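Trainee: test case, fold it:
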Amino acid sequence: MGYWGELRAWLLRDPAKLIRYLVLFVCCIVVIVQLYECFSKLSNPPISTHSYYNVNETIEMPAITICREPPYKEEVLTNLSNGNCPHPKFATCWMNYPYGEVPLDEFFMNGTFQLDETFYSYGLNGEPSNVDIDSSLHFYMGRCYTLRPKMAMKRVSKQVGYSLILEHNLVQTTSSVDLISGAGWHIFIHDKRENFTEINMKGSGRVEYVFVNIREAIEIKLQSQFFSNVETREQDCARKEGYSDLKCGEICIWRDLAEEANCSGPWMHDVDQEPCSDNTSMRNLIEDYHAVYDGDNEFNCNCLQPCESRIYTTYIQSRKSFDQPEPRTLIFIYYTTKLISQMIEERPSYDTTQFIADVGGSLGFLLGLSVLGLIGILEHLTLFFCGDCIKRLQQKNEKHARSESPADGESQASDETLDVNTVYIVDTEKLDKY
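Mentor: From the prediction side, this is the model:
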């Protein structure tokens, strides 16, 4: 009759079986796909963003980075370079530069402004001791100073925030470097855990910027947003104390530029390249750096984003002239609202409970399985695949038990062979009469 004939006869006896098996097959395929999706979401859960406002007992002040405009002392640069040098970006600074006599570090150090030439007074909550100040050297911005708070504030008011008086050396300048901005100060407001970088492509995302002219009094209101990111398999984040992804990106770019030019500049810290020693290499380095500074190209630096960051938003409360005999600038930076900050957190939106619910729903709806039914299936599968092994183990255990207790074995054998009637039958002929 053959296989196909038998199959045809089986189907003709009960045609409904075909429909049942087809539906069961389709349901099994759908369940397998859904289970795959459930396991995928469990191993790599989707991320949802939650936004809420938090009332804090203390409030975190930002770091303030201040850079002068114009950033360099034109007279000093001109004197050291033996040429007209309002800013190191001009080629006239390097045509007659005495490379073997004046180190580049000395050129940039003497050509920028020191701390006492920048601040007339500063403080947080009215006290200079509440602030840490460090300096950083940059090619376009010159020497910048970053103020970081040592403590969190418990109140919000103008007196509690930053109060700065900056002292400039120029009232007006005829130099060509400051025709765009004029004489004044670049104010950058950023997270205190971050280091300032002048490279626009790395710093524009989480740094707030304000330019303040000389002889100007300005009041800046702050608002903050706190971001908490979740580390996933596709995207890691850094929780290391003191880590700055902006600084990591800047050093990465410096190393690429130094490797291309085969030399480095004094503003390129942590770069294992010798300083440029001739006009050609210095000009090439400056041209490459200028292309990065003004360009939008992205560098693959593999710098991790911070898991937690705070972004500040500024609003100009007041801006008016600051009448002083000297070219000074007055700056107030503070919070004006209550101790409320917007918290934006990423959270995994799929956990074990949802996984069990999805699996149970798929199996119950499509296959009609319950926990008891699943247990029965597992029992049958276990007996089907491991029945022979289990049977052999049982027989082996029985033999081992008989060998350890022979007396019990004999008593069991005698009970099986003796007949009760033979034990209790008595020969009546042999009994004595009374």
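Trainee: C-alpha from now on. contacts and neighbour counts both.
Mentor: Will do.
Trainee: same for the top helix by length along the chain, what does it pack against?
Mentor: With secondary structure taken from DSSP state H, the chain has its longest helix at helix 371-404. Using 3 or more Cα pairs under 8 Å, 6 or more residues apart in numbering; DSSP states H and E, no helix or strand is in contact with helix 371-404.
Trainee: report the distance from that helix to the chain centre.
Mentor: 52 Å (Cα atoms, centre = their mean, to the nearest Å).
Trainee: and it, what's buried?
Mentor: Within helix 371-404, no residue counts as buried by 16 or more other Cα atoms under 10 Å.
Trainee: one more: stretch 323-336?
Mentor: 327, 328, 329, 330, 331, 332, 333, 334, 335, 336.
Trainee: would you put the C-alpha positions of that stretch in CSV?
Mentor: Output in CSV follows, covering the C-alpha atoms of stretch 323-336 (Å, rounded to 0.1, in the frame of the first residue of the first chain):
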residue,chain,number,x,y,z
ASP,A,323,30.8,102.2,35.8
GLN,A,324,34.3,101.8,37.1
PRO,A,325,37.6,103.7,36.4
GLU,A,326,39.2,100.4,35.5
PRO,A,327,38.0,98.1,32.7
ARG,A,328,36.2,95.6,35.1
THR,A,329,33.3,93.3,34.7
LEU,A,330,30.8,92.2,37.4
ILE,A,331,29.2,88.8,37.1
PHE,A,332,26.6,87.1,39.3
ILE,A,333,25.5,83.5,38.7
TYR,A,334,22.9,82.0,40.9
TYR,A,335,19.6,80.1,41.2
THR,A,336,16.4,82.1,41.6
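Trainee: contacts made by that stretch with the rest, please.
Mentor: With contacts defined as Cα atoms under 8 Å, 6 or more residues apart in numbering, stretch 323-336 is touched by 156-158, 160-171, 212-223, 322.
Trainee: cross those residues against strands and list the overlap.
Mentor: Applying DSSP state E to those, the entries found in strands are 162-167, 212-213, 216-223.
Trainee: and the residue nearest to residue 270 when sequence neighbours are not counted, how many neighbours?
Mentor: Distances taken as Cα to Cα, 6 or more residues apart in numbering place residue 251 nearest to residue 270, at 7.1 Å, with adjacent residues excluded. If you count neighbours by other Cα atoms under 10 Å, residue 251 ends up with 18.
Trainee: helix, strand, or coil at residue 251?
Mentor: helix (DSSP: H, G, I helix; E, B strand; the rest coil).
Trainee: that one reaches residue 267, doesn't it?
Mentor: No - in this structure, residue 251 is not within contact of residue 267 by Cα atoms under 8 Å, at 10.5 Å.
Trainee: what do the two both touch?
Mentor: With Cα under 8 Å, 6+ apart as the test, residue 251 and residue 267 reach no residue in common.
Trainee: so residue 216 versus residue 145, what's the distance?
Mentor: Going from residue 216 to residue 145 by Cα to Cα, to the nearest Å gives 20 Å.
Trainee: list the buried residues in stretch 189-199.
Mentor: 189, 190, 191, 192, 193, 194, 195, 196, 197, 198, 199.
Trainee: still on that earlier bit, from the ones in strands among the contacts of stretch 323-336, keep the buried residues only.
Mentor: Judged by 16+ other Cα under 10 Å, buried ones among the ones in strands among the contacts of stretch 323-336: 162-167, 212-213, 216-223.
Trainee: show me where the stretch 51-200 of the chain has strands.
Mentor: Along the stretch 51-200 of the chain, the stretches classed as strands by DSSP state E, counting those that start in this stretch are 63-69, 119-124, 131-138, 142-149, 162-167, 184-190.
Trainee: show me what the fifth one is packed up against.
Mentor: Judged by 3+ Cα pairs under 8 Å, 6+ apart, strand 162-167 is in contact with strand 119-124, strand 328-335.
Trainee: can you show me the helices along the chain?
Mentor: Using DSSP H, helices in the chain cover 3-13, 16-43, 74-81, 104-111, 200-203, 245-261, 279-294, 352-367, 371-404, 406-417, 420-424.
Trainee: nearest to residue 302, of these?
Mentor: helix 245-261 (8.3 Å; Cα to Cα).
Trainee: any idea how far the closest one is from the chain center?
Mentor: That offset, for helix 245-261, works out to 20 Å (Cα atoms, centre = their mean).
Trainee: got the contact list for residue 230?
Mentor: Applying Cα under 8 Å, 6+ apart, the residues contacting residue 230 are 47, 237, 307, 346, 347, 348.
Trainee: cutoff 10 Å now
Mentor: By Cα atoms under 10 Å, 6 or more residues apart in numbering, the residues touching residue 230 are 47, 48, 49, 236, 237, 307, 308, 345, 346, 347, 348.
Trainee: buried ones among the residues you listed?
Mentor: Neighbour counting over those (16+ other Cα under 10 Å) leaves 47, 237, 307, 345, 346, 347, 348 as the buried ones.
Trainee: distance check, the second one against residue 350.
Mentor: Distance, residue 237 to residue 350, by Cα to Cα: 20 Å.
Trainee: list the residues that contact residue 150.
Mentor: 60, 61, 124, 129, 130, 131, 132, 192.
Trainee: let's have those in JSON lines, adding distance to residue 228.
Mentor: Listed next are the contacts of residue 150 as JSON lines, based on distance: Cα to Cα, whole Å:
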{"residue": "60", "distance to residue 228": "15"}
{"residue": "61", "distance to residue 228": "18"}
{"residue": "124", "distance to residue 228": "27"}
{"residue": "129", "distance to residue 228": "30"}
{"residue": "130", "distance to residue 228": "27"}
{"residue": "131", "distance to residue 228": "26"}
{"residue": "132", "distance to residue 228": "26"}
{"residue": "192", "distance to residue 228": "16"}
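Trainee: of those, grab the buried ones for PyMOL.
Mentor: Remark: buried members of the contacts of residue 150, expressed as a PyMOL selection using 16+ other Cα under 10 Å:
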select buried, resi 60+61+124+130+131+192
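Trainee: can you add pLDDT and give the contacts of residue 150 back as TSV?
Mentor: Below are these laid out as TSV (pLDDT from 0 to 100):
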residue	pLDDT
60	88
61	92
124	94
129	93
130	94
131	95
132	95
192	90
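Trainee: just the contacts of residue 150 now: which is nearest residue 287?
Mentor: For the contacts of residue 150, the residue nearest residue 287 by Cα to Cα is residue 192; the value is 31.5 Å.
Trainee: ok, and the closest non-adjacent residue to that closest one?
Mentor: Nearest to residue 192 is residue 63, by Cα to Cα, 6+ apart, at 4.5 Å.
Trainee: again, but for residue 310
Mentor: Take residue 310 and drop its neighbours on the chain: the residue closest to it by Cα to Cα, 6+ apart is residue 226, 4.5 Å away.
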